[in-house]
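Undergrad: Predicted model and sequence follow; I will ask about them next.
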Amino acid sequence: MKLVIKGRRPLTGSVKVHGAKNAVLPIIAASILCHGESVISQVPHLEDVYTAVEVMASLGVDARLKGSTLILNTGGLDGFEAPYELVRRMRASFLVTGPLLARLGHARISLPGGCAIGTRPIDLHLKGLEALGARIRTNHGLIEASASRLVGDRIYLDYPSVGATEHLMMASTLAEGTTIIENAAEEPEIVDLANYLNAAGASIHGAGTKVVRVEGVNRLQGVRHQVIPDRIEAGTYMIAAAVAAGRVEVRGVVPDHLKAITAKLREAGIQVEEAESSMLVDAIGRRPVAVNVKTMPYPGFPTDLQAPIMALLAVSDGSGVIAETVFENRYIHVDELKRMGADIRVDGRTALVRGKRMLYGAPVSATDLRGGAALVLAALAAAGVSEVRGVEHIDRGYDSFDANLRRLGASIRRVRAVPAEEKAVSGLGGGSAGSGD
Ligand code: UD1
């Protein structure tokens, strides 16, 4: 599939964000810990969610997505192995390891594959599970983990990894005694996961701070839970409005989760008004002024919006420097942006972006999720027609992206790429199998 975009139409109107991908994926994994049924609402329709549902089904969990409600019943949980095909497709599948260990005492998972946004080790996950008493062996691309009962411990994370914090928080809910996770990540999605688990009977304190304390309990029971709004989707639409010189209200958000983005857009001279659950971005008649951006763990500027903000800098007045501190090698979208006329020079983890008054439509290829969104944003601002191939990467993380942009006034059509084009995209960048953002 490809998106055919005719640029330079102002975006105006209102868009509502969906539930957060990065909250719902760990919550789906966490449902394994709970007896009975969990009913999760505000679930976005995304390829990654469908993959997570397949992982659950492969473990014997009855998982049904009806509209935006996902019903997970673990009554038939009988598998402890997540198939290679699914872990390869989505790195977050690996998060079932801890819950399976805690609930069944055993887990067998394929090593998450290489991915398009730099090497993403899982050492912190494994070290933490070992600290909780798991025996872990890796051979032939498989991780075998076992433990008769996990036992709480004090775990210091060398880096505040989102996935490792979530993984260890989940595993320790059913451990004996107290677990303390230090230098924990503080992302809102971690708080959402803790809220789900606490409602199910867990005892987690301090989620959203650097120290998370988990008192082990004997049993969790499935509950109803509503997923928080997707701050990355919201931020993408906010940046889209700024790139396309539009005026867009982004609804259904938690403004507090968007502080870093709001601050950057205001610094770039874009008007942003905050209401209780919406943000109004007004860039009509304004060209953004170049800013410097450094990605950081929350509450810093999110790495998942690094590519979209690069599209903004590419059309801004002046030069800005982007420093990507979270992931190595997260600049794979740069060459494609250059094809549209962007002036970007990458040196290691920094990128110097010299703003151009105009970008030009071109055929480009998405090779990862957020990089793909950035190409669409750049195409909205570019003169002429762009074709963005590799839409399946964008579909992993944005529900109704093109339909929403079309409703805001963009000229954007989804068309089937001819087979030779599809082949050309899948051969790019080593593929992004296992890319886990
Ligand atoms: C999550 C998000 C992703 C986001 C990222 C950072 C989900 C499903 N994905 O990914 O969208 O970009 O947070 O905000 O929630 N690291 C290690 N060892 C480990 C684990 C991580 O060195 O065991 C490193 C990674 O290579 C990376 C950094 O830590 O450089 C951050 O990764 P992490 O916070 O774990 O990201 P994910 O949980 O994979």
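TA: Good, I have the coordinates.
Undergrad: Next up, the contacts around Asp282.
TA: Contacts here follow C-beta atoms under 8 Å, 6 or more residues apart in numbering; on that basis Asp282 touches Ala241, Arg247, Ile270, Gln271, Val272, Glu273. All C-beta spots, glycine's among them, are computed from the backbone N, C-alpha and C.
Undergrad: rerun at 6 Å
TA: Shown here is Asp282, whose contacts under the criterion C-beta atoms under 6 Å, 6 or more residues apart in numbering are Arg247, Gln271.
Undergrad: hey, what's it bridged with?
TA: Arg247, Gln271 (DSSP bridges).
Undergrad: can you check Arg224 too?
TA: Residues found in beta-bridge contact with Arg224 (criterion: DSSP bridges) are Val39.
Undergrad: Which residue, other than its chain neighbours, is closest to the residue of the chain most remote from its centre?
TA: Within the chain, the residue lying farthest from the chain centre (C-alpha atoms, centre = their mean) is Ser148, at 32.9 Å. Nearest-residue entry for Ser148: Gly105, 5.8 Å, with adjacent residues in sequence omitted and distances by C-beta to C-beta, 6 or more residues apart in numbering.
Undergrad: what about the one you found, neighbour count?
TA: 15 (other C-beta atoms under 10 Å).
Undergrad: In this protein, what residue lies closest to the ligand?
TA: When you check the chain against the ligand by C-beta to the nearest ligand atom, the closest residue turns out to be Gly163, at 2.7 Å.
Undergrad: on contacts alone, who are the packing partners of the strand or helix carrying that residue?
TA: When elements are defined using DSSP states H and E, Gly163 is found to belong to helix 162-172. Helix 162-172 makes packing contacts with helix 97-104, helix 123-131, helix 188-199 when contacts are defined by 3 or more C-beta pairs under 6 Å, 6 or more residues apart in numbering; DSSP states H and E.
Undergrad: For the first one, name the packing helices and strands.
TA: Using 3+ C-beta pairs under 6 Å, 6+ apart as the contact test, the elements touching helix 97-104 are strand 106-110, helix 162-172.
Undergrad: Format those as TSV; extra columns: mean neighbour count and mean pLDDT.
TA: TSV is the format used below for the helices and strands packed on helix 97-104 (neighbours: other C-beta atoms under 10 Å; pLDDT from 0 to 100):
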stretch	mean neighbour count	mean pLDDT
strand 106-110	21	92
helix 162-172	27	98
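Undergrad: Leu305: which of the ones you listed is closest?
TA: Set against Leu305 and scored by C-beta to C-beta, the helices and strands packed on helix 97-104 come closest in helix 162-172, at 14.6 Å.
Undergrad: ok, back up a step: which of the helices and strands packed on helix 162-172 sits most buried?
TA: Ranked by mean neighbour count, the helices and strands packed on helix 162-172 are led by helix 97-104 with a mean of 25 (mean count of other C-beta atoms under 10 Å).
Undergrad: who touches that one?
TA: Residues lying outside helix 97-104 but in contact with it, judged by C-beta under 6 Å, 6+ apart, are 29, 32-33, 80, 107, 109, 134, 145, 147, 150, 167, 170-171, 174.
Undergrad: Let me see the ranges of the helices in the stretch 301-437 of the chain.
TA: Per DSSP state H, counting those that start in this stretch, the stretch 301-437 of the chain has helices spanning 306-314, 334-339, 369-381, 391-395, 401-407, 419-426. These are given in chain order.
Undergrad: May I have the residues that are in contact with Ala171?
TA: Contacts for Ala171 (C-beta under 6 Å, 6+ apart) come out as Gly98, Ala102, Leu132, Leu150.
Undergrad: Once you drop chain neighbours, what's closest to it?
TA: In space, Ala171 comes closest to Gly98 once its chain neighbours are excluded; the distance is 3.3 Å by C-beta to C-beta, 6+ apart.
Undergrad: So, low pLDDT: which residues of the protein?
TA: Counting by pLDDT under 70, the chain shows low-confidence ranges at 113-120, 419-436.
Undergrad: Could you tell me which residues of the chain lie near the ligand?
TA: Listed as neighbours of the ligand in the chain under the rule C-beta under 6 Å from any ligand atom: 22, 25, 92, 120-125, 159, 161-164, 185, 303-304, 326-327, 436-437.
Undergrad: mind redoing it with 5 Å?
TA: Neighbours of the ligand within the chain, by C-beta under 5 Å from any ligand atom: 22, 25, 92, 120-125, 159, 161-163, 303-304, 327, 436-437.
Undergrad: just the buried members of these?
TA: Among those, those buried by neighbour count (16 or more other C-beta atoms under 10 Å) are 22, 25, 92, 120, 122, 124-125, 161-163, 303-304, 327, 436-437.
Undergrad: Alright, that wraps it up for me.
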